[in-house]
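Undergrad: My questions concern the predicted model and sequence given below.
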Amino acid sequence: MRILVQSEPFDLGDEAKKFASGHNNMGAIVTFTGVVRDLARGDLDCMEIEHYPGMTERALEKIAREALARWSLGDVLVIHRHGPLAPGDMIMMVATAAPHRKDAFEAAEYLMDYLKSRAPFWKKEISRDGADWVAAKDEDEDALTRW
Amino acid sequence: MRILVQSEPFDLGDEAKKFASGHNNMGAIVTFTGVVRDLARGDLDCMEIEHYPGMTERALEKIAREALARWSLGDVLVIHRHGPLAPGDMIMMVATAAPHRKDAFEAAEYLMDYLKSRAPFWKKEISRDGADWVAAKDEDEDALTRW
Amino acid sequence: MDVLYFAWVRERIGLPKEAVETEAATVSELVEELKAREERYAVAFGDLSALRVAVDQELTDFDASIRGAREVAFFPPMTGG
Amino acid sequence: MDVLYFAWVRERIGLPKEAVETEAATVSELVEELKAREERYAVAFGDLSALRVAVDQELTDFDASIRGAREVAFFPPMTGG
């Protein structure tokens, strides 16, 4: 299990390669990467991600440990950035390695669903029109009922 | 849409990076990578992947086009190798880019489910005990009923 | 104990963290004390359904005990990923 | 037309591809002709439920017409991915 909370960018290619090469006899590797989307108006200057140092790492570790307990997995990787990001920047990634694809996919979706609503990150969108905190979506809360 | 059928290795890191950087305003990128697993006895010398040149590309394109039609996606990548592979080698990868994570995950799972049972590849496992064609699994055929 | 505020809760109250002396037994009692202090607290805590709370870095609810807690944090629903 | 064999079908019949002259209207009729040729064909086509067929590189079933087809391929269930 590897959990990284950082302001620095990460390289999806490097991380995926490192994660994949570290595992013996895991037939299936799934990665999810979240990217900053522009606003509908196309004028997003910056997305600022605030987090709760200390609790963030605990919450991500708890989610990752839960995934490792529920599915047959070889390993889990979670990277999440904070601070100011530009449209197109990568916000975060998760990766799962498993003997079988069903476990790798389900665990990655589980990690994402919990990370969305249970890890203490808050997004603020800053454009020339001002700054708005991104509202949590009901559908993200509803997604948790699946598990 | 990019479909590659090749005997050469591919680099998951490079491919994931190239795929991710080529997309504007896709908030979610999912990759799946399949890796050659060793036998339970731990004595796999080689996995030989046979395919049907011509039909393979057509079948993969059809599956990818269907995914693009069913989900809101920005792009799809499929790479599948053939020829002799060693335990730990990467066999194939798919990647999906979408505005939202649900579409990216579902489309990647769809691509994998169809690729498993509808693209003309056959795996043969060669060990000191001989050579065996890998049998199709009922669960892989059953997985298609989900879609 | 330390009381922490994040995102728009932090902006409305005007600070990220403060030390609070309290005899409150639960999160709800602490909220009532804070609301009684100043208008900006009353505004920030006006609609508890829009808020989440963590005690010692574990998500919990407003009925939770804060006896012996070192850290209570208030924030809006999370939007990670 | 060209008839192609893959995986263990190829191994049992002993060749990957052959040109076949036939008046068969359907895949099933073609299979009967091939089975009548030699024991190795009869063995390879012994259990059709273990086989799949493609006509002109499209998966189909044994009732399918092969009139005008350029290429018919027989193989076991696929195991990609």
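TA: Perfect, thanks for sending it.

Undergrad: Now for residue 73, how many residues are close by?
TA: Going with chain A. Neighbours of A:L73 under the rule other C-beta atoms under 10 Å in any protein chain shown: 23. For glycine as for every other residue, the C-beta is placed from the backbone atoms N, C-alpha and C.

Undergrad: Chain C, not that one
TA: C:A73 is flanked by 24 other residues according to other C-beta under 10 Å.

Undergrad: and if you look at the one 5 residues further on?
TA: Under the neighbour criterion other C-beta under 10 Å, C:M78 is assigned a count of 25.

Undergrad: Ok, A:G130 next?
TA: By other C-beta under 10 Å, the residues close to A:G130 number 7.

Undergrad: Give the bridge partners for it, please.
TA: Under DSSP bridges, the beta-bridge partners of A:G130 are A:S127.

Undergrad: Give me the pLDDT value at it.
TA: Looking at A:G130, its pLDDT reads 94.

Undergrad: Kindly provide the distance from it to C:F62.
TA: To C:F62, A:G130 is 31 Å away according to C-beta to C-beta, to the nearest Å.

Undergrad: hey, where'd the strands end up in chain C?
TA: C:2-5, C:17-19, C:52-55, C:58-60, C:71-75 (DSSP state E).

Undergrad: For the residue of chain C found nearest chain B, give me its contacts.
TA: Closest approach between chain C and chain B, counting by C-beta to the nearest C-beta: C:G81, at 7.5 Å. By C-beta atoms under 8 Å, 6 or more residues apart in numbering or on different chains, the contact list for C:G81 reads A:G34, A:I91, A:M92, A:M112, A:L115, A:K116, A:A119, A:F121, B:R101.

Undergrad: Output the strands of chain C in JSON lines; the columns should cover mean pLDDT.
TA: Putting those into JSON lines (pLDDT from 0 to 100) gives the following:
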{"stretch": "strand C:2-5", "mean pLDDT": "98"}
{"stretch": "strand C:17-19", "mean pLDDT": "98"}
{"stretch": "strand C:52-55", "mean pLDDT": "98"}
{"stretch": "strand C:58-60", "mean pLDDT": "97"}
{"stretch": "strand C:71-75", "mean pLDDT": "98"}
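
Undergrad: To A:I49, which of the ones you listed lies closest?
TA: Of all the strands of chain C, strand C:71-75 sits nearest to A:I49, with 13.3 Å by C-beta to C-beta.

Undergrad: CA atoms only for that closest one, dumped as CSV, please.
TA: Presented in CSV, the C-alpha positions along strand C:71-75 are these (Å, rounded to 0.1, in the frame of the first residue of the first chain):
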residue,chain,number,x,y,z
GLU,C,71,-9.1,18.2,17.8
VAL,C,72,-12.5,18.9,16.4
ALA,C,73,-12.9,20.0,12.7
PHE,C,74,-15.8,21.4,10.8
PHE,C,75,-16.1,21.5,7.1
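
Undergrad: what sits up against it?
TA: For strand C:71-75, the external contacting residues (C-beta under 8 Å, 6+ apart) are A:52, A:55, A:120, A:122, C:1-7, C:9-10, C:27, C:30, C:44-45, C:51-57, C:66.

Undergrad: Buried ones only from those residues, please, as a ChimeraX command.
TA: Buried subset of the contacts of strand C:71-75, written as a ChimeraX selection, criterion 16 or more other C-beta atoms under 10 Å in any protein chain shown:
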select /A:52,55,120,122 /C:1,3,4,5,6,7,9,10,27,30,44,45,51,52,53,54,55,56,57,66
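
Undergrad: rewinding a little: reformat the strands of chain C as CSV; add distance to A:A16.
TA: Below are the strands of chain C laid out as CSV (distance: least, C-beta to C-beta, whole Å):
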stretch, distance to A:A16
strand C:2-5, 35
strand C:17-19, 37
strand C:52-55, 32
strand C:58-60, 30
strand C:71-75, 32
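
Undergrad: I'd like the distance between the residue lying closest to A:E8 once chain neighbours are set aside and A:Q6.
TA: The shortest distance from A:E8 to any non-neighbouring residue, by C-beta to C-beta, 6 or more residues apart in numbering or on different chains, is to A:R81 (7.4 Å). Going from A:R81 to A:Q6 by C-beta to C-beta gives 6 Å.

Undergrad: Now for A:V134, how many residues are close by?
TA: Residues near A:V134, counting by other C-beta under 10 Å, number 15.

Undergrad: again with the one 3 residues further on
TA: When counting by other C-beta under 10 Å, one arrives at 13 neighbours for A:K137.

Undergrad: ditto for A:K102
TA: Using other C-beta under 10 Å, A:K102 has 17 other residues around it.

Undergrad: Could you name the helices and strands sitting against the helix or strand containing it?
TA: A:K102 is part of helix A:101-118, with elements assigned from DSSP states H and E. The helices and strands touching helix A:101-118, judged by 3 or more C-beta pairs under 8 Å, 6 or more residues apart in numbering or on different chains; DSSP states H and E, are strand A:28-35, helix A:55-70, strand A:75-81, strand A:90-98, helix A:138-143, strand B:28-35, helix B:101-118.

Undergrad: want to throw the ones you listed into a markdown table with mean pLDDT?
TA: Formatted as a markdown table, those follow (pLDDT from 0 to 100):
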| stretch | mean pLDDT |
| --- | --- |
| strand A:28-35 | 97 |
| helix A:55-70 | 98 |
| strand A:75-81 | 98 |
| strand A:90-98 | 97 |
| helix A:138-143 | 92 |
| strand B:28-35 | 97 |
| helix B:101-118 | 97 |
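
Undergrad: Reformat those into a markdown table and put distance to C:E38 next to each item.
TA: Listed next are the helices and strands packed on helix A:101-118 as a markdown table, based on distance: least, C-beta to C-beta, whole Å:
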| stretch | distance to C:E38 |
| --- | --- |
| strand A:28-35 | 38 |
| helix A:55-70 | 26 |
| strand A:75-81 | 34 |
| strand A:90-98 | 35 |
| helix A:138-143 | 31 |
| strand B:28-35 | 42 |
| helix B:101-118 | 41 |
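
Undergrad: hmm, back to that, so which of the strands of chain C gets nearest A:L44?
TA: So among the strands of chain C, strand C:71-75 is nearest, using C-beta to C-beta, at 22.7 Å.

Undergrad: which of the residues in the helix ranked longest in chain C are buried?
TA: The longest helix of chain C (DSSP state H) is helix C:27-37. Under the neighbour-count criterion of 16+ other C-beta under 10 Å, helix C:27-37 has C:V27, C:S28, C:L30, C:V31, C:L34 buried.

Undergrad: Thanks a lot, catch you later.
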